[in-house]
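Engineer: Just need the structure, nothing else, for what follows:
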Amino acid sequence: MVSKDRKAGFCLIGVVTIVIFLSFLTSCGKPKGPPQGGAPEVAVVVLQQERTVITTELPGRTSAYLVAEVRPQVSGIIQKRLFTEGSDVKAGEVLYQIDPATYEAAYAGAMASLARAEANVVSVGNRAKRYIELVAINAVSQQDHDDAVAALKQSEADVKTNKAAVETARINLAYTRVTSPISGRIGKSNVTVGALATAYQPTAFTTIQQLDQIYVDATQSSANLLQLKRNIAAGRIKGDGPNQARVKLLLEDGTSYPSEGLLKFSDVTVDPSTGSFILRMVFPNPKQILLPGMYVRAVVQEGVADRAILAPQQGVSRDPKGNPVAMIVDAEGKVQQRIITVDRAIGDKWLVSSGLEAGDRVIVEGIQKVRPGVPVKIVPFGVGGKAGPESAKPAQPPAKAN
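Structural biologist: Numbering: from 1, shown residues only. Sure, this is the predicted structure:
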């Protein structure tokens, strides 16, 4: 049997449950009042049309302005190496000396052959002159005269042949002194004294790179180029004349390179595997800060947007579908949600192509406390932002385009 105390306890629990349930039903029927503390406070930034330089940051690699691989043009034993590895050399400076003995002998032999041919020309020439006089009085036959003239021409041809042989021997002798074809920084030597050099061998003696100027080859997406052309055609961006050829550079550690470069050309072929093409720029490099193979980022100026709308990035979020959205405060002081289209990031702002206009008040602080249609209280945005008291002013209608 259940005790009287337990029965009383069950009855008390049932009564309390009924009271709570009735209270819940009563509260559900009453309208909710305004939130405690009044309307939520938000900080806004009033958008204005700005003149903005449109730039693109492109990844790239540096490469030497000139590269020369030094190879021998004659064969022989290397007698001397006349440079210091890693030093700067001038064009025409002797780098290696190949044993010249055999080439000196060949040059001397060619000179002797030339002298013999020139002496023979004198003898044959005198005979041809005498035959001209003798054939006039029929002292010699016409055939003998013709043979003398032919012998003279052959001797003159022998002189020219021997002169060419002398020049060839002189060139080969000069090639025993391996010189630098360009001025620049020389690398390590791949051969040592005593090694055998073979004319036009595949292995280079050394490599010289000219670094007082340097190339930067950057890749740009073809899709970005098409978007830029559409923006220019629509009038949102216009060319900036000669300034479009100026390029700035960011080094691997994020610092800016002190000198500006020039955009030389863009490739006319898109790489089908990457969907990008090459932009080549040249930068002065007097202190040789830039070395071949370094990773850099080129900041290329594409044009100027005279009436750009820039929205702070902290005032733009994404909806569940991934679309960029911004919360604004309308003229009645209520929150509205705008789906916008952004073109690119410029500093800490988004370049907005549609969805926002000049005069819109974009909420940058307090977004998490509001929802569309809720009245809010605007406070100045001055901490961590560029806006001041103007942020609290009522929105003005956007200026009409001329």
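
Engineer: When you work out contacts or count neighbours from here on, use the C-alpha atoms and nothing else.
Structural biologist: Will do.

Engineer: start to end distance for stretch 167-186?
Structural biologist: For stretch 167-186, the separation between the terminal residues is 31 Å (Cα to Cα, to the nearest Å).

Engineer: I would like the residues contacting that stretch, please.
Structural biologist: Stretch 167-186 is contacted from outside by 68, 70, 72-74, 85-100, 103-104, 106-107, 110, 206-212, using Cα atoms under 8 Å, 6 or more residues apart in numbering.

Engineer: Same question for stretch 333-347.
Structural biologist: Against stretch 333-347 from outside (Cα under 8 Å, 6+ apart): 323-330, 350-356, 370-377.

Engineer: let's see it at 6 Å
Structural biologist: Here stretch 333-347 makes contact (Cα atoms under 6 Å, 6 or more residues apart in numbering) with 324-329, 350-355, 372-376.

Engineer: Same check on stretch 131-145?
Structural biologist: The contact list for stretch 131-145 (Cα under 6 Å, 6+ apart) is empty.

Engineer: about what we covered before: please pick the buried ones from the contacts of stretch 333-347.
Structural biologist: Buried subset of those (neighbour count, 16 or more other Cα atoms under 10 Å): Pro324, Val325, Ala326, Met327, Ile328, Val329, Trp350, Leu351, Val352, Ser353, Pro375, Val376.

Engineer: export those to TSV and tack on pLDDT, secondary structure and distance to Val122?
Structural biologist: Formatted as TSV, the buried ones among the contacts of stretch 333-347 follow (pLDDT from 0 to 100; DSSP: H, G, I helix; E, B strand; the rest coil; distance: Cα to Cα, whole Å):
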residue	pLDDT	secondary structure	distance to Val122
Pro324	92	strand	97
Val325	91	strand	100
Ala326	91	strand	101
Met327	91	strand	105
Ile328	91	strand	106
Val329	91	strand	109
Trp350	89	strand	91
Leu351	89	strand	89
Val352	90	strand	92
Ser353	85	strand	91
Pro375	91	strand	117
Val376	90	coil	115
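
Engineer: any residues touching stretch 318-325, and which ones?
Structural biologist: With contact meaning Cα under 6 Å, 6+ apart, stretch 318-325 is reached by Val316, Ser317, Arg338, Ile339, Ile340.

Engineer: What ranges does the stretch 201-350 of the chain have for its helices?
Structural biologist: Under the criterion DSSP state H, counting those that start in this stretch, the stretch 201-350 of the chain contains helices at 222-234.

Engineer: in it, what spans have low per-residue confidence?
Structural biologist: 227-245 (pLDDT under 70).

Engineer: picking that back up, kindly supply the PyMOL command isolating those of the contacts of stretch 318-325 that are buried.
Structural biologist: To isolate the buried members of these in PyMOL, using 16+ other Cα under 10 Å:
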select buried, resi 316+338+339+340
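
Engineer: Could you single out the nearest of the contacts of stretch 318-325 to Ala223?
Structural biologist: Using Cα to Cα, Ile340 comes nearest to Ala223 of those, at 20.6 Å.

Engineer: Need the nearest residue in space to that closest one, chain neighbours excluded.
Structural biologist: Take Ile340 and drop its neighbours on the chain: the residue closest to it by Cα to Cα, 6 or more residues apart in numbering is Gly355, 4.2 Å away.

Engineer: ok, now Gln49?
Structural biologist: In this structure, Gln49 finds its nearest non-sequential neighbour in Arg307, 4.8 Å apart by Cα to Cα, 6+ apart.

Engineer: mind listing what Ala326 touches?
Structural biologist: Taking Cα under 6 Å, 6+ apart, one finds Val316, Gln337, Arg338 in contact with Ala326.

Engineer: Beta-bridge partners for the second one, please?
Structural biologist: When bridges are taken as DSSP bridges, the partners of Gln337 come out as Met327.

Engineer: Compute the number of surrounding residues for it.
Structural biologist: Counted by other Cα atoms under 10 Å, the residues lying close to Gln337 total 15.

Engineer: measure it to Val379 for me?
Structural biologist: Distance from Gln337 to Val379, counting by Cα to Cα: 19 Å.

Engineer: The first one now?
Structural biologist: Distance of Val316 to Val379, computed by Cα to Cα: 19 Å.

Engineer: show me where the stretch 1-150 of the chain has helices.
Structural biologist: Remark: helices assigned in the stretch 1-150 of the chain by DSSP H, counting those that start in this stretch are 4-28, 101-136, 142-175.

Engineer: any chance of those helices in CSV, plus mean neighbour count and distance to Thr198?
Structural biologist: Listed next are the helices of the stretch 1-150 of the chain as CSV, based on neighbours: other Cα atoms under 10 Å; distance: least, Cα to Cα, whole Å:
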stretch, mean neighbour count, distance to Thr198
helix 4-28, 10, 100
helix 101-136, 16, 14
helix 142-175, 17, 12
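
Engineer: In CSV, list these along with mean pLDDT.
Structural biologist: Listed next are the helices of the stretch 1-150 of the chain as CSV, based on pLDDT from 0 to 100:
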stretch, mean pLDDT
helix 4-28, 49
helix 101-136, 87
helix 142-175, 89
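
Engineer: In TSV, list these along with distance to Gln301.
Structural biologist: Formatted as TSV, the helices of the stretch 1-150 of the chain follow (distance: least, Cα to Cα, whole Å):
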stretch	distance to Gln301
helix 4-28	62
helix 101-136	58
helix 142-175	48
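
Engineer: Relative to Arg51, which of those is closest?
Structural biologist: Counting by Cα to Cα, Arg51 lies closest to helix 4-28 out of the helices of the stretch 1-150 of the chain; the figure is 54.9 Å.

Engineer: Can you give me the distance of Ser259 to Ile328?
Structural biologist: Ser259 sits 42 Å away from Ile328, taking Cα to Cα as the criterion.
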